[in-house]
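>>> pasting the sequence and the predicted coordinates here, then a few questions.
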Amino acid sequence: MAFNSKDLSVLAYANGFTLWHYTTVDLAITVDTSGYFNDATDMVRIGDMVLANVDTDGTPASGIYLINANAAGVVDAADMTTVGSVDTD
């Protein structure tokens, strides 16, 4: 699949920082590939965080991506930090 701008939403903005939400059927490893967010290059900034729901049509996972590069039209997000991956009950 590919990035879909309609699935990227602003949750909060303050002091030049934006917290985003993104949902996709893509796997986490696909989303953190350099260039995945290129169509959002004019919206996301280095240091922004993206709360994400990934693989929503398979084995869903949630986590946080840090936008760590945005230069010359190429956006990169660091590997997803998983949230809620362990359930001991």
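Sure thing, it's come through. Residues are numbered from 1 along each chain as shown.

>>> which helices and strands sit right next to the helix or strand bottoming out on mean pLDDT in the chain?
Least confident helix or strand, the chain: strand 81-82 with a mean of 94, by mean pLDDT, DSSP states H and E. Here strand 81-82 touches strand 61-71, going by 3 or more Cβ pairs under 8 Å, 6 or more residues apart in numbering; DSSP states H and E. Where you see a C-beta, it was placed from the backbone N, CA and C, and this is true even at glycine.

>>> strand partners of the strand it packs on, parallel vs antiparallel please.
strand 49-54 (antiparallel), strand 74-77 (antiparallel), strand 81-82 (antiparallel) (DSSP bridges).

>>> which outside residues touch the least confident helix or strand of the chain?
Strand 81-82 is contacted from outside by 28, 61-66, using Cβ atoms under 8 Å, 6 or more residues apart in numbering.

>>> and the helix or strand containing His21, what's its mean pLDDT?
Assigned by DSSP states H and E, His21 belongs to strand 17-23. The average pLDDT within strand 17-23 is 98.

>>> in it, what's buried?
If you call a residue buried by 16 or more other Cβ atoms under 10 Å, then strand 17-23 has these buried ones: 18, 20, 22-23.

>>> closest to Phe3 among those residues?
Taking Cβ to Cβ as the measure, Phe3 lies nearest Tyr22 of the buried residues of strand 17-23, at 8.5 Å.

>>> who are the contact partners of that closest one?
7-9, 31, 50-53, 65.

>>> and if we set it to 6 Å?
The contact partners of Tyr22, by Cβ atoms under 6 Å, 6 or more residues apart in numbering, come to 7-8, 50, 52.

>>> pick out the most distant pair among those residues.
Within these, Asp7 and Val50 form the most distant pair, 10.8 Å apart (Cβ to Cβ).

>>> please say which of these two ends up with more neighbours.
Each of Asp7 and Val50 has its neighbours counted (other Cβ atoms under 10 Å); Val50 has more, 23 against 15.

>>> no more questions from me, cheers.
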